[in-house]
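> Quick check, what structure comes out for this input:
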Amino acid sequence: MKSRRGAMAIAIPFAILALAWGPASRHVRAARLLLGFSDARATEIRSSDATVAGLRARVFRGDGPPLLLVHGAHPEGIDEPRLVRFAELLAEAGFDVTTPEIPALRALRFDDGAVDQIARAARALGPHVGVVGISFGGGLALIAASEEPSIHAVWTVGAHHDATRLAAWWRGEPIAGPGGERFDAEAERYGAQVLAHAYAEDYFDPAEADAARAALADVLHRRAPDLEGLSAPTRARVDALRQGTGLDRPALAALTERHRDELSAISPAGHLSQLRARVFVLHGEGDPLVAPTESAWIARELPPPARGAVLRTPLLGHADLAEVGLAAQWDVVRFAARALAEL
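Purely as a prediction, here's the structure:
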């Protein structure tokens with residue numbers, strides 16, 4: 001979470017905007033949405049558990065159009081506190097928000113069945129549905145929108161374009177955008193951990209794959225891993241993933257190649273040229289998990305009618321806010337205002 005001083009840095013200019021423009025301004029609605037991330041106070045929005053298209057879900061009742069909020073690859077799924085907060089804020093902004101739990105994303109697996117689940121959940125909400133997707137949930141939402149006509153707009157936050165390209169970056173290879181522009185930051189170790197967890201049979205001794213996957217699950221849940229019973233080599237591989245050093249890069253490269261078709265199936269690359277939904281792409285300028293160059297690849301593939309707005313901002317890391325100046329805050333407010341108006 002941000003510091004109180006950081007929250008005030010955002011709150012003061014946005015409060016001035018709200019006073020100056022009045023409650024009807026769409027920019028004020030966007031500013032309040034962003035401000036809410038810096039304010040831990042409870043909202044008046046109430047949620048209820050539900051089942052949507054056969055999926056566990058939670059509904060946050062607003063007084064407006066239906067909106068599907070898709071979580072990313074995270075072991076807490078729809079219970080992840082930042083996702084819950086975002087859902088509350090979107091409901092306060094005037095949407096009837098549903099967060100479906102996508103089993104593969106919660107289990108940290110790569111499964112293209114998630115695309116159909118997102119499409120069915122959107123269809124269950126009605127014939128005209130907006131979708132907000134976080135991280136890999138955003139990339140999957142783009143594929144779903146290419147197949148499901150009820151999805152009329154998609155707002156992605158830190159979405160991926162090509163999972164195989166990201167997997168190469170996670171193991172230490174360079175990554176670049178469509179124009180050759182490099183992103184030179186080192187990838188967060190979470191990416192390699194998720195990859196090894198998903199394909200433990202390929203990264204570890206197959207006889208110890210289940211136990212190694214369980215130990216990595218502890219790491220991904222930020223718990224001390226249970227290494228009892230693991231051989232010394234497997235224990236060393238788990239510890240290297242936990243520390244983010246000494247990765248077996250050839251093994252990661254081999255499993256990526258072995259599962260290339262699966263990774264391609266959960267990637268928007270090649271699926272966007274006929275997209276009719278309006279797309280709004282927001283990405284952190286220094287995102288350490290999904291490189292910001294992915295947003296440029298998405299933008300390049302979108303047909304002109306689908307291009308709503310694309311913004312890379314220093315305000316975001318991957319899913320956390322940073323302290324930035326007023327100009328960067330204002331860029332995000334303008335972006336969010338446009339997205340909210342079309343969702």
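
> what ranges of the chain fall below the confidence cut-off?
Within the chain, the stretches with pLDDT under 70 are 1-27, 35-44, 318-322.

> Now for L247: which residues touch it?
By Cβ atoms under 8 Å, 6 or more residues apart in numbering, the residues touching L247 are 171-172, 192, 240-241. C-beta: built from backbone N, CA, C; applies to glycine.

> any idea how far it lies from E173?
12 Å (Cβ to Cβ, to the nearest Å).

> same deal with A211?
29 Å.

> Then E208?
27 Å.

> quick one on the thing from earlier: A211 and E173: which is more packed in?
Between A211 and E173, A211 has the larger neighbour count (other Cβ atoms under 10 Å), namely 20 against 13.

> For the strand or helix carrying the more buried one, name the packing helices and strands.
Using DSSP states H and E, A211 maps to helix 209-220. When contacts are defined as 3 or more Cβ pairs under 8 Å, 6 or more residues apart in numbering; DSSP states H and E, helix 209-220 packs onto helix 189-198, helix 200-203, helix 232-243.

> Just the buried residues of the longest one, please?
Judged by neighbour count using 16 or more other Cβ atoms under 10 Å, the buried positions of helix 232-243 are 234-235, 237-242.

> Now the following helix or strand past that helix: buried residues?
Next helix or strand after helix 232-243 toward the C-terminus (DSSP H and E): helix 249-258. Within helix 249-258, the residues scored as buried using 16+ other Cβ under 10 Å are 251-252, 255-256.

> Surely G62 and L90 touch.
Yes - with contact defined as Cβ atoms under 8 Å, G62 counts as touching L90 (7.4 Å).

> Tell me the one of the contacts of L247 nearest A57?
Nearest to A57 among these is A192, at 30.7 Å by Cβ to Cβ.

> Which residue is the nearest non-sequential neighbour of that closest one?
Nearest residue to A192 in three dimensions, chain neighbours excluded: W170, at 4.6 Å (Cβ to Cβ, 6 or more residues apart in numbering).

> which residues touch that neighbour?
Counted by Cβ under 8 Å, 6+ apart, W170 has contacts 187, 191-192, 195, 252.

> In the protein, mark out all the strands, start to finish.
For the chain, the strands defined by DSSP state E cover 47-52, 55-60, 66-70, 96-100, 129-134, 151-157, 175-176, 182-183, 278-284, 307-313.

> ok so, going back, shared neighbours of G62 and L90, anything?
Residues touching both G62 and L90 (Cβ under 8 Å, 6+ apart) are V97.

> mind listing what the closest residue in space to D162 that isn't next to it in sequence touches?
Among residues not flanking D162 along the chain, A269 sits closest, at 4.4 Å (Cβ to Cβ, 6+ apart). Contacts for A269 (Cβ under 8 Å, 6+ apart) come out as 161-162, 297, 301.

> Got the domain ranges for this protein?
4-162+267-342, 188-263 (automatic domain parsing).

> most packed of those?
Among the domains of the chain, ranked by average contacts under mean count of other Cβ atoms under 10 Å, first place goes to domain 4-162+267-342 (a mean of 20).

> Give me the phi and psi for H128.
phi -150, psi 90 (degrees, to the nearest 10).

> Mind checking which of the contacts of A269 are in helices?
297, 301 (DSSP state H).

> which two from the contacts of A269 end up farthest apart in space?
Farthest pair in the contacts of A269, by Cβ to Cβ: D162 and E301, 10.2 Å.

> which ones are touching A163?
A163 sits in contact with 110, 136, 139, 263-264, 266-267, where contact means Cβ under 8 Å, 6+ apart.

> From those, pick the one nearest W330.
The nearest member of those to W330, counting by Cβ to Cβ, is G139 at 27.4 Å.

> ok, now how distant is that closest one from L247?
24 Å.

> Same check on D63?
For D63, the distance to L247 - Cβ to Cβ - is 49 Å.

> Look up how far S146 lies from P304.
Taken as Cβ to Cβ, the span from P304 to S146 is 16 Å.

> How about V131?
12 Å.

> same thing with L252?
29 Å.

> Show the contacting residues for the residue nearest the centre of the chain.
Geometric centre of the chain, nearest residue: S135, 1.7 Å, by Cα atoms, centre = their mean. Counting by Cβ under 8 Å, 6+ apart, S135 touches 72-73, 157-160, 289-290, 318-319.

> Let's have those in TSV, adding distance to E201.
Conversion of the contacts of S135 to TSV gives the following (distance: Cβ to Cβ, whole Å):
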residue	distance to E201
G72	24
A73	19
V157	32
G158	28
A159	28
H160	23
L289	24
V290	25
H318	28
A319	29
